[in-house]
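Student: The following block contains a protein sequence and its predicted model.
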Amino acid sequence: MAQQPRNYKMMIGGEFVTAASGKTREIRDPGNGHVVAIVPEGGKEDIDAAVGKARQAFDHGPWKQTSALDRGKLLFRIADGIRANAAKLAELEVLSCGKPLAEAEYDIADAANCFEFYGGMATKIHGETMQVPANSLSFVVREPIGVCGQIVPWNYPLLMSSWKLAPALAAGNTCVLKPSELTPLTALELASILVEAGVPSGVVNIVTGPGPGCGDALSAHPQVDKIAFTGGTATGRHVMNAAAGNLKKVSLELGGKNPNIVFADADFEAAVDGALFGAFANQGEVCSAGSRLLVDRKIHKKFVEAMVKKIPNIKVGHGMTPGVKMGPVVSRLHLEKIEGYVASGIAEGAKLVCGGKRPSDKSLAGGNFIEPTIFDDVTPSMKIAREEIFGPVLAVIPFDTEEEAIQIANDTEYGLAAGVWSRDINRALRVVRELRCGITWINTYHPTFNEMPWGGYKQSGTGRELGLYGIEEYLETKQVNINLDEAPIAWY
Ligand code: NAD
């Protein structure tokens, strides 16, 4: 597994380049701390260059004349390129963000599917005509917005990049993508796939660098027409402020503190599995993680016991080790932040029923590992019930009535996702109707489909990615009005 660190370059205007400053950053394997790659540490100068190339490609390049059919075919070739490189891409996701290989393989397949989904949609973009008063014919045409700045987080590096690039390209925009400084490797590999697929130079530019100095330069850039951001809610607020300078279109996919609600009439075993998967998939580093488990008091004790019994099945280890179900969290800093939340849960009187510490296995000491952690008897006002931990920490909150479950579920500044477990479909739908969030699951947790819109209510964001809704974020709407009357209007 130990490999020589590979040197990467970023892509600006179809060229593979170093940062203008010459600065680089080491990318470390969160499972053991080894350096796996060296990447350029881009900054404002690189963003300026990339935006210039994207602007040129949008305003004057051949891209504008590329038909929807050809854009669609291009996206299909990108999907093929991702599939052809799937093994390498999946390994790089493991080595930079820590997730188990099986999860990374799933993400890569889904990224390819996303390009294919939007490849098919390129030729379905259409306007409409409306009946208007007087002797006029009016119609609507849809056009690309222009240069899109796209900023993605570290938890699903290639998938989040695909959710942004695929619809933007299908709609005919040009892009400057900034991956997370912690996990830029698959985006940099994607650069080569894009070139091979025939993406014209300047249409996609990929700049690696940190939030401050690089991401903020992109958000504030006056030549960028739209900014699409996925990340933390506090960062989203910065991005929105920065985008205000030239009133960019803004779409934000932000954090969550998502309720997973289990009623006593649920299929018990399915709900136990769903609660664990909702909380611990991808080490809990998922915006939609079911990090608040609301359990009907009638089954609460038995439910927690059943979950704890299954915890040993969640084998913790390096993501490339066969059988591992939970990898390290992304960085030492993030591990310490999660440990801070564990300490706060204990201090506020929640009952720690499992985990809460680094594994005792000495072979894992070099990585950012923490055991899957469950707190029981959490009250809705505790910090661990209110703040997004973004790690494998589950807060169990018992409830007595359906009304109380809904009230607790909605008692959050976030509104991303929620799960409901019940055999009573009327109840499940009644509860879903009351939930103030953008993504809901009944008797399941986490399935995410390229066909369905993804995004949040309240402070979980604005706009939607994926599905037919996702492409709307990358299209302008123009009305065209034709006077069918040849006589002057004779107003004056
Ligand atoms: P983050 O907000 O720290 O960083 C996200 C991206 O923003 C990174 O590329 C980072 O470099 C950049 N950035 C940081 N500061 C910036 C600034 N001032 N201006 C512009 N860009 C800046 O988030 P993270 O820690 O990488 O990811 C975790 C967060 O992402 C969680 O809150 C999670 O819920 C959220 N997330 C949301 C979704 C969703 O679809 N709603 C999906 C995945 C992750």
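Tutor: That came in fine, so what should we check first? Please read all numbers here as calculations on a predicted model, not as lab measurements.
Student: The nearest residue to residue 19 once chain neighbours are set aside: neighbouring residues, count only.
Tutor: Excluding the flanking residues, the one nearest residue 19 by Cβ to Cβ, 6 or more residues apart in numbering is residue 40, at 3.9 Å. C-beta coordinates here come from the backbone N, C-alpha and C atoms, glycine included. Burial of residue 40, expressed as a neighbour count using other Cβ atoms under 10 Å, amounts to 26.
Student: Show the pLDDT at residue 40.
Tutor: Note for residue 40: predicted pLDDT of 98.
Student: pLDDT below threshold where in this protein?
Tutor: 1-3 (pLDDT under 70).
Student: what does it have sitting close to the ligand?
Tutor: Within the chain, the positions near the ligand by Cβ under 6 Å from any ligand atom are 151-155, 178, 180-181, 210-212, 215-216, 219, 230-232, 235, 238-239, 253-256, 287, 388, 390, 416, 454, 456, 461.
Student: If we ignore the residues flanking it in sequence, what's nearest residue 429?
Tutor: Nearest non-adjacent residue to residue 429, counting by Cβ to Cβ, 6+ apart: residue 442, 7.7 Å away.
Student: Tell me who's in contact with that neighbour.
Tutor: 419, 420, 421, 422, 425, 428, 429, 432 (Cβ atoms under 8 Å, 6 or more residues apart in numbering).
Student: So which residues of the stretch 101-250 of the chain form helices?
Tutor: 101-121, 157-170, 185-197, 216-220, 233-243 (DSSP state H, counting those that start in this stretch).
Student: circling back to that earlier point, farthest pair within the contacts of residue 442?
Tutor: Farthest apart among the contacts of residue 442 by Cβ to Cβ are 419 and 425. That separation is 14.6 Å.
Student: So which of those two has more stuff around it?
Tutor: Using other Cβ under 10 Å as the criterion, residue 419 and residue 425 rank with residue 419 on top: 29 against 10.
Student: Distance check, that one against residue 443.
Tutor: Distance from residue 419 to residue 443, counting by Cβ to Cβ, to the nearest Å: 8 Å.
Student: With residue 180 instead?
Tutor: Distance, residue 180 to residue 443, using Cβ to Cβ: 33 Å.
Student: Those two: who's more crowded?
Tutor: When residue 180 and residue 443 are compared for neighbours, residue 180 comes out ahead with 24 against 16, by other Cβ under 10 Å.
Student: which residues touch the closest residue to that one other than its chain neighbours?
Tutor: Distances taken as Cβ to Cβ, 6+ apart put residue 154 closest to residue 180, at 3.8 Å, once the chain neighbours are dropped. Residues in contact with residue 154, defined by Cβ under 8 Å, 6+ apart, are 96, 97, 180, 182, 183, 330.
Student: Which stretches in the stretch 201-350 of the chain count as strands?
Tutor: Counting by DSSP state E, counting those that start in this stretch, the stretch 201-350 of the chain has strands at residues 204-206, 226-230, 249-253, 259-262, 292-296.
Student: and the last one, which strands flank it?
Tutor: Spelled out, that is strand 292-296. Paired strands of strand 292-296, with direction, are strand 259-262 (parallel), strand 393-399 (parallel) (DSSP bridges).
Student: how close does the residue most central in space within the chain get to residue 401?
Tutor: In the chain, the centroid-proximal residue (Cα atoms, centre = their mean) is residue 160; its distance is 4.7 Å. In this view, residue 160 and residue 401 are 38 Å apart by Cβ to Cβ.
Student: Equivalent analysis for residue 483, please.
Tutor: According to Cβ to Cβ, residue 483 and residue 401 sit 63 Å apart.
Student: go on, residue 472?
Tutor: Residue 472 sits 39 Å away from residue 401, going by Cβ to Cβ.
Student: Which residue of these two possesses the greater neighbour count?
Tutor: residue 472 (17 against 10).
Student: Distance-wise, check that one relative to residue 249.
Tutor: For residue 472, the distance to residue 249 - Cβ to Cβ - is 11 Å.
Student: and if you look at residue 67?
Tutor: Taken as Cβ to Cβ, the span from residue 67 to residue 249 is 24 Å.
Student: and what of residue 4?
Tutor: 43 Å.
Student: Now residue 451: closest residue in space, sequence neighbours ignored.
Tutor: residue 467 (5.4 Å).
Student: who's in contact with the one you found?
Tutor: Counted by Cβ under 8 Å, 6+ apart, residue 467 has contacts 449, 450, 451, 452, 453, 454.
Student: For the stretch 1-150 of the chain, which residue gets nearest to the ligand?
Tutor: residue 149 (9.0 Å; Cβ to the nearest ligand atom).
Student: what bridges to that residue?
Tutor: residue 176, residue 227.
Student: Run a quick neighbour tally on it.
Tutor: Using other Cβ under 10 Å, residue 149 has 32 other residues around it.
Student: Could you verify my assumption that residue 112 touches residue 85?
Tutor: No: Residue 112 is beyond contact range of residue 85, at 9.7 Å (criterion: Cβ atoms under 8 Å).
Student: Of the two, which one has the most company?
Tutor: Ranked by neighbour count (other Cβ under 10 Å), residue 112 and residue 85 place residue 112 first, with 23 against 19.
Student: Tell me how far stretch 166-185 lies from the chain's centre.
Tutor: Distance of stretch 166-185 from the chain centroid (Cα atoms, centre = their mean, to the nearest Å) equals 12 Å.
Student: would you put the C-alpha positions of that stretch in PDB?
Tutor: Extracted in PDB, the C-alpha atoms of stretch 166-185 (Å, rounded to 0.1, in the frame of the first residue of the first chain):
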ATOM      1  CA  ALA A 166     -22.200  17.400 -15.200                       C
ATOM      2  CA  PRO A 167     -25.300  19.700 -15.100                       C
ATOM      3  CA  ALA A 168     -23.200  22.800 -15.700                       C
ATOM      4  CA  LEU A 169     -21.600  21.300 -18.900                       C
ATOM      5  CA  ALA A 170     -24.900  19.800 -20.100                       C
ATOM      6  CA  ALA A 171     -26.400  23.300 -20.000                       C
ATOM      7  CA  GLY A 172     -23.400  24.800 -21.900                       C
ATOM      8  CA  ASN A 173     -21.600  26.700 -19.100                       C
ATOM      9  CA  THR A 174     -17.900  26.900 -18.500                       C
ATOM     10  CA  CYS A 175     -16.500  26.000 -15.000                       C
ATOM     11  CA  VAL A 176     -13.800  26.700 -12.500                       C
ATOM     12  CA  LEU A 177     -13.800  23.800 -10.000                       C
ATOM     13  CA  LYS A 178     -12.100  24.100  -6.600                       C
ATOM     14  CA  PRO A 179     -11.900  20.800  -4.800                       C
ATOM     15  CA  SER A 180     -11.300  20.600  -1.000                       C
ATOM     16  CA  GLU A 181      -7.600  21.200  -0.200                       C
ATOM     17  CA  LEU A 182      -7.700  18.000   1.800                       C
ATOM     18  CA  THR A 183      -9.000  15.700  -1.000                       C
ATOM     19  CA  PRO A 184      -8.200  17.100  -4.500                       C
ATOM     20  CA  LEU A 185      -6.700  14.000  -6.000                       C
END
